[in-house]
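>>> build me a model from this:
(2 chains)
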Amino acid sequence: MSYGSHRVLDGLSIAVPAGSITALLGGNGAGKSTTLSLLLGFVRPNDGRVTVCGVDPGVEPDHARGRTAYLPENVALYDHLTAVENASYLLALSGNRPSRAAILDAFAAAGLQERAWDARLSGFSKGMRQKVAIAVAWLREVPVLLLDEPTSGLDPQATADFNALLHAIRVRNTAVLMVTHDLLSAVDVADRIGFLERGRIVEEVAATGTERFDIRALRARFGERARAA
Amino acid sequence: MPLWMHEAQLLLRSRWAAAALALLAILSAAAVAAGMAEIARQRGAIAAIAPAQAEDIAAVRAFVDRSKDGGQAAYYSFHPTWDAPSPLAFAAIGMRDVAPYILRVRALGIEAQIYDGDTFNPELALPGRFDFAFVLVFLAPLFTIALFHDLRSGECEAGRARMLEAMPGAGRLWWRRAMVRFVAITAALTIPFLAGAIWSGVAIGAIILIVVVAALYLLFWIGLAGLVSSRGRGSTANAATLAALWLVLVLIIPTLANVVINRTNPVDEGAQIALAQRENVHRAWEIPREETMRRFYANHRRWSDAPPLTEAFHYKWYLAFHQNGDESVAARVRAYRAGLERRAAAANALGWVLPSVGVQALLTRLAGTDLTAQLAYQDRIRAFHRRLRAFYYDYVFYDRPFGASDFDKAPRYRATG
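Residues are numbered from 1 along each chain as shown, chains lettered A, B, ... in the order given. Next up, the predicted model:
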């Protein structure tokens, strides 16, 4: 995948199975956002193949997006609407018409405090906005969830809450791909971690046993790279 | 809730958008109210003619019955003519605020009577009236720009565009949003007009046509906003570009075009025709009366067998030199009218490529307040005046006694001529 003469992704090969969380770690310019853009059908690859549940998002973007929920790094919603109205609108855009009760259940599941449900978003923190967006993704029941730097800027408690939510989503057999440069968060939730550098995965590790990842070893091997990112 | 209702909620819950739509609705309502008030005032003035005329004519009638002189009746009696406004006139007052819609005429020279009032009030002629046409042509584009300049760029700047476009059916999102805004702005603009039009008894076909024209005009500006926005610049740059286009398309080009049209189609001023007619009339006092009568009879054989003049003053001579005065400026009147029509035709042609000019021309045409309507009123005055002259000439030229009962037979102006 190239922009002009600049090669952004170079032989990237990745598959995210259902019911798993894959984290792509990499610094700025590693190709993380371009990977998401390919999966969302915003750009088309110069060569190679991209499929979401068997659908090429470059050819049938609507079909691919109908199977995908996407959370950008900064979840910007409509400040002059309430949380329920925002969720209701975004769900309507994706062709879903859940009841208010279902939306409130999803908010509760996402950990959004009850007093925030009918409040306008102008006073919401980043974490609260993310909970609204994740509740929308939850209600859409899509098989694929794409996350762009989901824990960037969140405090430790909000990060822990978010990771707990991801676990719950994985249990529903959702394939989750998150791009991040937060090694700790990736270690906490991911089943596999791919290290992306200059458009290709230079190493891939999978969780094993109860400890999942050997954080010390990962830090030792990739800490330098992660810090640089 | 259907998606379009979500979009409507999104629009109306935005303070700026709601305020803009409310302001447009208020301006439109104020313009409709102002237009209706002006037309009601004009109708009131026309309605007041009949009692005032009855009082005036009663006094002349009593005098005429004593003198038995048709000439004096012709000289002293004024006859009102009026141009009743159409039901739609409130929406586009057009020339009705700068050209007379009531004219009292006598059976004397008509051209001076018509063109005496042909002086424009520059204070009114420059900006025009605050009517629905003004709000539609000049102000509605600004509100359209306000609502459409950041349709997509605003979402990009707020950081929402990527998430919205990651939704299925994202391509339809912008069309749907534009449609909701278009309906909202059209409603804010036209609902006050609809109320005014129904109240004024405007025909349903004309109402529909005006609403369609207003919608098409707004669509032109929406298309322009879409074109500018498609260049992918920021909201501020879009707004500045569209504001500049508004200035050029609504103010600068029409003004320059008006100057060019007027320069390339020079015409007399109406007052100059009135002056020339008066000078020709007054010159008759200096030339032999027989010469005046010879010229008159040459053009009006119908009365050429009338008894010759004596040494005493006679109204037939007076009326003849007035009519000669009219005929002496007939060519200038035709040239003036043709010049005005050429100017109007050029402006109408410009309207095909410049929507602001085209919409204004169309509204005044439909409302019967344009130059064509004004010239048609002048034609009705002249037609009535011809009947008036013929009526009095039959008495005056043959010295037939003219009593109160004859006075009652004098032609009365009807709005249709």
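
>>> distance-wise, check residue B:185 relative to residue B:341.
Distance, residue B:185 to residue B:341, by C-beta to C-beta, to the nearest Å: 36 Å. C-beta here means a position set from N, CA and C on the backbone, and glycine is covered the same way.

>>> what bridges to the residue nearest to the spatial centre of chain A?
In chain A, the residue lying closest to the centroid (C-alpha atoms, centre = their mean) is residue A:147, at 1.3 Å. Residue A:147 has these beta-bridge partners by DSSP bridges: residue A:71, residue A:178.

>>> close to chain A: what parts of the stretch 1-150 of chain B are there?
Selection of the stretch 1-150 of chain B residues close to chain A by C-beta under 8 Å from any C-beta of the partner chain yields B:1, B:2, B:3, B:6, B:9, B:10, B:13, B:14, B:15.

>>> same thing but 10 Å
Residues of the stretch 1-150 of chain B found near chain A (C-beta under 10 Å from any C-beta of the partner chain) are B:1-7, B:9-10, B:12-18.

>>> buried ones among these?
For those, a burial check counting by 16 or more other C-beta atoms under 10 Å in any protein chain shown picks out B:3, B:6, B:7, B:9, B:10, B:13, B:14, B:17.

>>> circling back to that earlier point, narrow the residues of the stretch 1-150 of chain B next to chain A to those in helices?
Secondary structure from DSSP state H places B:3, B:4, B:5, B:6, B:7, B:9, B:10, B:12, B:15, B:16, B:17, B:18 of these in helices.

>>> once you drop chain neighbours, what's closest to the last one?
For residue B:18, ignoring the flanking residues on the chain, the nearest one in space by C-beta to C-beta, 6 or more residues apart in numbering or on different chains is residue B:12 at 5.2 Å.

>>> then the first one?
Distances taken as C-beta to C-beta, 6+ apart place residue A:92 nearest to residue B:3, at 5.1 Å, with adjacent residues excluded.

>>> quick one, phi/psi of that neighbour?
Dihedral angles of residue A:92 (phi, psi; degrees, to the nearest 10) stand at phi -60, psi -40.

>>> same question, residue B:265
The phi/psi pair for residue B:265 (degrees, to the nearest 10) reads phi -130, psi 70.

>>> you'd agree it is up against residue B:341?
Yes. With contact defined as C-beta atoms under 10 Å, residue B:265 counts as touching residue B:341 (9.2 Å).

>>> what's near enough to touch residue B:244?
By C-beta atoms under 10 Å, 6 or more residues apart in numbering or on different chains, the contact list for residue B:244 reads B:228, B:252.

>>> mind checking which helix or strand it is in?
Using DSSP states H and E, residue B:244 falls within helix B:235-246.

>>> coming back round to it: gap between the residue nearest to residue B:3 and residue A:171?
Distance from residue A:92 to residue A:171, counting by C-beta to C-beta: 27 Å.

>>> same thing with residue B:268?
Distance of residue B:268 to residue A:171, given as C-beta to C-beta: 91 Å.

>>> same question, residue B:265
For residue B:265, the distance to residue A:171 equals 82 Å [C-beta to C-beta].

>>> compare these two (neighbour count), which wins?
Ranked by neighbour count (other C-beta atoms under 10 Å in any protein chain shown), residue B:265 and residue A:171 place residue B:265 first, with 16 against 9.

>>> report the closest residue of chain A relative to chain B.
Going by C-beta to the nearest C-beta, chain B is nearest to residue A:76 of chain A, at 3.5 Å.

>>> tell me which of residue B:185 and residue B:341 has more neighbours.
Neighbours were counted for residue B:185 and for residue B:341 using other C-beta under 10 Å; residue B:185 has more, 27 against 15.

>>> shouldn't that one be in contact with residue B:191?
No. Counting by C-beta under 10 Å, no contact exists between residue B:185 and residue B:191, whose distance comes to 11.2 Å.

>>> give me the common contacts of the two.
With C-beta under 10 Å, 6+ apart, residue B:185 and residue B:191 have common neighbours residue B:25.

>>> low-confidence ranges in chain A?
Applying pLDDT under 70 to chain A flags residues A:1, A:208-211, A:220-229.

>>> can you pull out the strands in it?
For chain A, the strands defined by DSSP state E cover A:2-3, A:6-7, A:20-25, A:68-71, A:144-148, A:175-180, A:192-197, A:200-206.

>>> ok now the fourth one, how far from the chain's centre?
Once both centres are worked out by C-alpha atoms, centre = their mean, to the nearest Å, strand A:68-71 turns out to sit 7 Å from its chain's centre.

>>> which strands or helices does it pack on?
Packing partners of strand A:68-71 (3 or more C-beta pairs under 10 Å, 6 or more residues apart in numbering or on different chains; DSSP states H and E): helix A:32-40, helix A:126-140, strand A:144-148, strand A:175-180, helix B:161-165.
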